[in-house]
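> Structure here, sequence nowhere to be found:
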């Protein structure tokens, strides 16, 4: 796939998301006010994903390096098994994602309460702790080459599993933990992550929001279809004060949970 094809793919994803957002808004407006929370959340998610994709298109057009795609294609052609855990930080420096409640999330510098910076710090903790325990681990960012470029570097690195880091936001009231995947071969990895994440926050249903299958499209679809097994985590809602508190107080425990999920998943076939 060349750069123009990737840009065309991104534009198709953007148009599909715009259509989903428009339909979602019409559906939410037709519901009684006391029954529109789930529909409203889907609309908010689609709107954030659209913003994310538009930023990704700009980043991709400006910075995607075709040599990374060629190297990834070479890596895909190898028969040797992958090794290690790849961490992808969601969003970019120019479009840092959802804004969390500050405090309890850091208020200075301001950027520390956005997904990109908060999860950059989390990724560094995961990498340090994983390597200290003998697990090969690396962190990848979407600032250079967008989603496609980041995952090309992931494929070249050849991990056993990949996780993209996010946190959620909606209406300053929603709470909970969920994990997204988009391929049958990623379900077991996603479940291992969800099991460990809900244990960190002592979640039970409905705050254990379970797995979200994004194979038909929607939030995270472009990331989740780049490599398998892969998953995208939304451990807490950063805009809800008590959930933000859970996230901030348990950051190291969250890093340990990701590593524990990897150990559990690698003990049995992930694909």
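Structure's in. What do you need? Not measured: the values here are computed from a predicted model.

> and residue 179, what does it touch?
By Cβ atoms under 8 Å, 6 or more residues apart in numbering, the contact list for residue 179 reads 190-191, 193-194, 197, 210-212, 231-234. Where you see a C-beta, it was placed from the backbone N, CA and C, and this is true even at glycine.

> and of those residues, the nearest to residue 145?
Within the contacts of residue 179, the smallest distance to residue 145 is 18.3 Å, found for residue 232 (Cβ to Cβ).

> is that closest one in a bridge, and if so with what?
residue 164, residue 180 (DSSP bridges).

> OK, contacts around it?
90, 163-164, 166, 179-181, 220, 223-224 are the contacts of residue 232 under Cβ under 8 Å, 6+ apart.

> and the residues you listed, which two are the farthest apart?
90 and 181, at 14.8 Å, using Cβ to Cβ across these.

> Verify the stated contact: residue 242 with residue 176.
No - contact status for residue 242 versus residue 176: not in contact, 11.3 Å apart, counting by Cβ atoms under 8 Å.

> Of these two, which one has the most company?
residue 176 (20 against 12; other Cβ atoms under 10 Å).

> residue boundaries of the strands in this protein?
85-89, 137-141, 161-165, 177-181, 208-213, 230-234 (DSSP state E).

> can you redo those as CSV with mean pLDDT and distance to residue 267?
Below are these laid out as CSV (pLDDT from 0 to 100; distance: least, Cβ to Cβ, whole Å):
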stretch, mean pLDDT, distance to residue 267
strand 85-89, 98, 14
strand 137-141, 98, 17
strand 161-165, 98, 12
strand 177-181, 98, 18
strand 208-213, 98, 20
strand 230-234, 98, 17
